[in-house]
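Undergrad: output the structure for:
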Amino acid sequence: MKKNTVRDNRPYVRPVERIELDESHLKGRFILFAALILIAAVSILYGIINLTRASAGWTEIKVETSSQINCGDDFTFIYDLGRGELSPTAEKKQLTVLYSSACEEAYRQFDVIDIYDGVNNVAYLNQHINEIVTVDDVLYDAFRQINEHDSRYLFLGPVYERYDYVFFYHTDEDIADYDPNVNETVHQEYLDILAYACDPECISIELFEGNRVRLNVSDDYRKYMEDNSYRNYIDFYWMKNAFIVDYLAERLISSGFTSGSISSDDGFSICLDDSGLDYRYNIYDYVDEACYQAAVFNYSGRMHIVTLKDFPMYQDDRYYNAAGTGKILTPYLSVIDALNRSRFRTMTCYDRSMNCAGLLLEMAPYYLCDQDDFLTEGFDCFYIEDSQIFYSDQSVPFSDLYRTYTLKPITK
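TA: Numbers count the residues shown, from 1 in each chain. Now for the predicted structure:
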């Protein structure tokens, strides 16, 4: 009888050997690892410190905020850090906080589209016509200046609402749907709006004590707006940044920050500095579809400068469109015929005391050919015409004149 056996099919495994590790270098390796971590941490900390540390001298102050609601992209603010009592780092930090806050507030106040909690802005007034509304100081002051100059550009809101589309299209066919220069139907519609917008009996801004205002609108005009689905009775539009730069400058100066200058992309600049340092303001012209520097305007001390021009400074200039017809469309529409108007290729007015909004309201009717007379009482100006720079300031504060240009005093 055979004995039953079972075959073991498990794989052969070598016996485990006990290996003794040499622990004599573990302590050294741990110290080295810790040292590497410390070096990395110090390097990161050093980088962070250098990112936040500011050096003395000229630097650009930018808006830093988690909110996208601000006008910082429209302005360039440069400042000479370290000139005062604060360290450059502390000064930059305070400037950034103040400037960011001011840019947010200015954006909300002049916004023509959105309404914000607790802010009775331009959009709010457009939706609350014939009501007395309390507004912020900056908006109340803007309306006060508008009324003092008897300016009607503010009331072209419905025209701007439609015309603004010309800056977002790039073909003649698309642009023609909004351009009064080539479309007679559109032009007539704009003229119909002008009949209301230029009549104080149809629309006006009435001011009361305590920052209270009322946007007065007649029943006929209200019905016209509703029938044609327009929403904006008023809009500062191309004038907006003149009022905003004044507001930003006032906030900075009142807080003791004066060692710098701020300027908008569309021609409104303020030098805050009253120390006597020399400043340069580049003068540009546009010839053969090219923009280039024609001369430099030199000045010192606090200065307000406003430049109006009928050409783009760069390819994506917000308020300009070089249409296929060869005509450059600008935001400046006449209150006489709602067409693009510009008396000169470029015109600049400047003054130490009159703010940018005041300068703009003085020069706009003349530059847009809405009035023929222009008296520069209390401020100076210069303009370019046929490679000549005409100027009113007898000190002739110009340099770096391009070879094809000549200077000529303005004769009265």
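Undergrad: could you pull out the helices for the chain?
TA: For the chain, the helices defined by DSSP state H cover 26-52, 88-110, 122-126, 137-148, 157-163, 172-175, 184-197, 219-227, 240-254, 356-367.
Undergrad: need those helices in JSON lines with mean neighbour count and distance to residue 272, can you?
TA: (C-beta placed from N, C-alpha, C; glycine too.) Shown next, in JSON lines, are the helices of the chain (neighbours: other Cβ atoms under 10 Å; distance: least, Cβ to Cβ, whole Å):
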{"stretch": "helix 26-52", "mean neighbour count": "10", "distance to residue 272": "24"}
{"stretch": "helix 88-110", "mean neighbour count": "20", "distance to residue 272": "11"}
{"stretch": "helix 122-126", "mean neighbour count": "22", "distance to residue 272": "26"}
{"stretch": "helix 137-148", "mean neighbour count": "18", "distance to residue 272": "17"}
{"stretch": "helix 157-163", "mean neighbour count": "22", "distance to residue 272": "31"}
{"stretch": "helix 172-175", "mean neighbour count": "14", "distance to residue 272": "40"}
{"stretch": "helix 184-197", "mean neighbour count": "17", "distance to residue 272": "35"}
{"stretch": "helix 219-227", "mean neighbour count": "14", "distance to residue 272": "41"}
{"stretch": "helix 240-254", "mean neighbour count": "22", "distance to residue 272": "6"}
{"stretch": "helix 356-367", "mean neighbour count": "24", "distance to residue 272": "13"}
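Undergrad: distance to residue 68 and mean pLDDT added to these, as JSON lines?
TA: Formatted as JSON lines, those follow (distance: least, Cβ to Cβ, whole Å; pLDDT from 0 to 100):
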{"stretch": "helix 26-52", "distance to residue 68": "22", "mean pLDDT": "59"}
{"stretch": "helix 88-110", "distance to residue 68": "10", "mean pLDDT": "97"}
{"stretch": "helix 122-126", "distance to residue 68": "17", "mean pLDDT": "98"}
{"stretch": "helix 137-148", "distance to residue 68": "21", "mean pLDDT": "98"}
{"stretch": "helix 157-163", "distance to residue 68": "23", "mean pLDDT": "97"}
{"stretch": "helix 172-175", "distance to residue 68": "28", "mean pLDDT": "88"}
{"stretch": "helix 184-197", "distance to residue 68": "32", "mean pLDDT": "98"}
{"stretch": "helix 219-227", "distance to residue 68": "30", "mean pLDDT": "98"}
{"stretch": "helix 240-254", "distance to residue 68": "17", "mean pLDDT": "98"}
{"stretch": "helix 356-367", "distance to residue 68": "25", "mean pLDDT": "97"}
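Undergrad: pretty sure residue 285 sits against residue 313.
TA: No: using Cβ atoms under 8 Å, residue 285 is not in contact with residue 313; the gap is 11.2 Å.
Undergrad: find residues that contact each of those two.
TA: Taking Cβ atoms under 8 Å, 6 or more residues apart in numbering as the criterion, residue 285 and residue 313 both touch residue 291.
Undergrad: quick one, which of the two is more surrounded?
TA: Ranked by neighbour count (other Cβ atoms under 10 Å), residue 285 and residue 313 place residue 285 first, with 20 against 14.
Undergrad: could you report the neighbour count for residue 183?
TA: By other Cβ under 10 Å, 15 other residues sit near residue 183.
Undergrad: what's the answer for residue 151, then?
TA: Per other Cβ under 10 Å, the neighbour tally for residue 151 reads 18.
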